[in-house]
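Visitor: sequence and predicted structure, then a few things I'm wondering about:
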Amino acid sequence: MEYTGSSYTGDFKNERLEGKGEYSFPPSLETKYEGNMKDGMFHGEGTLYFSNGSKYVGKWDNGIAVEGEYTFADGLEYDAENWGYCDGYDRRFYTEICHGLKPAGRSQLTNRIPPRVIPEGCYDCGDGFYNPSTRVVSDYGHKFLRNTGILIVVFFR
């Protein structure tokens, strides 16, 4: 774990992660798992907490999620059978359904309230924003994440 930046506190068996514990992924991700482990893998019941505030409560079998429920950071629970948000028939976000639509001219582009502030001329790319003039992706706090480089497309006949 010292090479990956992750950490573990909890039970061990034969020098392997086994029993109840908390596994934290590298600090830059701020993601952690709390629950049962077996032979170094998620096994049994546990909760995976994501850095954006969402979580997955489920049951694992030797590292594979076999059942569970995902809850978004705003409290919306994902339902594969009856998903009614941003589908082909109703394009509203969950927050728009709960709190109503914005007046004309004030479109809601994300489910976040308030929405993230993206500098003029830049584009939201999920983990930050892309500035096309510098070809750099920065996080929402304006810290450097990565260069994007130049994309060259070659066509062959």
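Guide: Now that the structure is in, tell me what you want to look at. Numbers count the residues shown, from 1 in each chain.

Visitor: how about the contacts made by the closest residue to residue 32 other than its chain neighbours?
Guide: Once its chain neighbours are removed from consideration, residue 32 has its nearest residue in residue 24; the separation is 4.4 Å (Cβ to Cβ, 6 or more residues apart in numbering). All C-beta atoms are positioned from the backbone trio N, CA, C, and that covers glycine. Shown in contact with residue 24 (Cβ atoms under 8 Å, 6 or more residues apart in numbering): 6, 7, 8, 31, 32.

Visitor: 7 Å instead, please
Guide: The contact partners of residue 24, by Cβ atoms under 7 Å, 6 or more residues apart in numbering, come to 6, 7, 32.

Visitor: ranking by neighbours, what's the top pick from the residues you listed?
Guide: For the contacts of residue 24, neighbours were counted by other Cβ atoms under 10 Å; the highest total belongs to residue 32, with 17 neighbours.

Visitor: in this structure it contacts residue 22, no?
Guide: Yes - the criterion here is Cβ atoms under 7 Å, and residue 32 meets it with residue 22 at 6.1 Å.

Visitor: could you tell me how many residues sit around the nearest residue to residue 52 once chain neighbours are set aside?
Guide: Of all residues beyond its chain neighbours, the one nearest residue 52 is residue 73 (5.2 Å), with distances taken as Cβ to Cβ, 6+ apart. Close neighbours of residue 73, defined as other Cβ under 10 Å, add up to 13.

Visitor: got it, and residue 128?
Guide: Applying other Cβ under 10 Å, we find 21 other residues in the vicinity of residue 128.

Visitor: I figured it was touching residue 136, is that so?
Guide: No - here residue 128 lies out of contact with residue 136, judged by Cβ under 7 Å, at a distance of 9.4 Å.
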